Structures are given as C-alpha cells and as structure tokens.
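Trainee: no sequence on this one, just coordinates:
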C-alpha cells in the first residue's frame, strides 16, 4: 500500500498550512490556513469523485475565516447539513462562530488547471457542476443546537464589564486632571517666587555697580585714600 498523486483539475490552489477541513458526502471543504505571515481568504471545495478544486468564496484579508489554526466541522441544523467554523489566529485570537450552508448550483464556466504530476503541462477542463456556498454568521435565534450557551447573554456580560472598566478609567482620568491642576498651581507659585528673586537680584546688581563707581571715583579724584589719611 502506497500513496499516489492523481491528476487534479479545477482552480489553482494557494499553498497553505494551519487550515481546517471536513467532508460532506463526496465534497471536501477547506477553510482558512496561511503562510505564517497572512491568512488565505479563499474557502475551497475539492470534489473527490471528479478530483477537482473549486474556489467557493473569498473573505477579507483580516476576516476570522482567513485564520490559521481554526476548526471546522459538519453538523445537521434544522435537518440540513451545514459547516460550522470557529476560532483561529490572524493577528489576534478569534472566538466567532460562522455557519456555512451548501447550496448546489449549476456552472458552465470552464476551469483552468495545472496538474501537480506534470507541472509543465497546462490544459483546460470543464466541470459539469460546481457548488457555491454562502456564509451565514451565527444567529442563535434562528439556529438550534449550535452551542449550549446563549451568545447574546455572554455579549451582555462583556458589555457590562466594559462599561464598568470605562467608569474606572473615567475616574482615573479625573484624578489625573486634578493632580495636573495642582501641579500647575505649584508651577505658578514657583514662577512667582522666581520673578521676585529676579527683581531682588537685579536691584542688588544695580547697587553693587553704583558702589563700584563711587570707589572708582574716589581712587581717580586727584588723591588716593592712603594719601588722604597720611596728610
């Protein structure tokens, strides 16, 4: 028993790691993954009977579905098969749940493929059918059996927690503003003291200059202090 590499047709697939996959009937669904720098936004379908790839949909670059390390599984929801995706990391850890409902449609558009067994040979193939899917973000009011907890209640708890944190931050900001006001008052007092000291220093300098002039005048007035005392 050994592995073989069959000839694959359909859309070209970007290399990736950390993706998630699950099967529904003969279709293998691949979600997310990346190259350790950015996530891959395409959601892929591999038809195992036709050995053909299809790009079903593409999300934004930072969408939670373009993450590495997410999980995906298939489940019956209201009697229909769905894909359920959760988590992953794309610069931040994600906790959103997404639901994908397969909706088969006909497609007559040909697909260009490149066989991995013969990379130098490129040919055109036409797929008789392909499947397109649409994403539905989880709404627990319409979907049953997806988790036991109520996300709305969890969000309410988080919102209340954020509000409490906001109140604490507002109180801290008010304290900082009050402290800043006290500091500015001290700075004003210091500036006033400095101004008074500058005036005193200026008067002292002027007095010193006046005394120096008098002494100079006494020395150069036609007689010296010593001669005055001895005569």
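Mentor: That came through fine. Here the structure is a predicted model, which means the values were calculated and not measured.
Trainee: Number of residues surrounding residue 41?
Mentor: By other CB atoms under 10 Å, the residues close to residue 41 number 19. Where C-beta positions appear, they are placed from N, C-alpha and C, glycine not excepted.
Trainee: contacting residues around it?
Mentor: Shown in contact with residue 41 (CB atoms under 8 Å, 6 or more residues apart in numbering): 58, 59, 60, 61, 63, 65, 66.
Trainee: For the fifth one, grab the count of nearby residues.
Mentor: Residues within reach of residue 63, counting by other CB under 10 Å, total 18.
Trainee: how close does it get to residue 37?
Mentor: 16 Å (CB to CB, to the nearest Å).
Trainee: Tell me how far residue 185 lies from residue 97.
Mentor: In this view, residue 185 and residue 97 are 55 Å apart by CB to CB.
Trainee: same check, this time on residue 210
Mentor: For residue 210, the distance to residue 97 (CB to CB) stands at 89 Å.
Trainee: Also residue 158?
Mentor: Noted for residue 158: a distance of 15 Å to residue 97, by CB to CB.
Trainee: Look at the two and report which has more neighbours.
Mentor: Using other CB under 10 Å as the criterion, residue 158 and residue 97 rank with residue 97 on top: 17 against 10.
Trainee: just the helices in the protein please.
Mentor: Under the criterion DSSP state H, helices of the chain are mapped to 151-219, 225-230.
Trainee: By mean pLDDT, show me the worst of these.
Mentor: Mean pLDDT is lowest for helix 225-230 among the helices of the chain, at a mean of 51.
Trainee: Now the two most distant members of the contacts of residue 41.
Mentor: Between any two of the contacts of residue 41, the greatest separation by CB to CB is 10.8 Å, found for 61 and 65.
Trainee: Let me see the contact set for residue 73.
Mentor: Contacts of residue 73 (CB under 8 Å, 6+ apart): 22, 83, 84.
Trainee: Settle this for me: the second one is touching residue 21, isn't it.
Mentor: No - look at residue 83 against residue 21 with CB atoms under 8 Å: they stay out of range, at 10.1 Å.
Trainee: any shared contact partners between the two?
Mentor: In contact with both residue 83 and residue 21: 29, 31, 72, using CB under 8 Å, 6+ apart.
Trainee: Who does the second one form a beta bridge with?
Mentor: In this structure, residue 31 has the following beta-bridge partners (DSSP bridges): residue 20.
Trainee: still on that earlier bit, so for residue 61 and residue 65, which sits in the more crowded spot?
Mentor: The neighbour comparison of residue 61 against residue 65 (other CB under 10 Å) goes to residue 65, with 26 against 12.
Trainee: ok, the more buried one - contacts?
Mentor: 31, 32, 41, 43, 59, 85, 88, 98, 135.
Trainee: now those as TSV including pLDDT and distance to residue 4?
Mentor: Converted to TSV, the contacts of residue 65 look like this (pLDDT from 0 to 100; distance: CB to CB, whole Å):
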residue	pLDDT	distance to residue 4
31	93	26
32	91	27
41	91	31
43	91	27
59	91	33
85	93	30
88	92	32
98	92	34
135	48	34
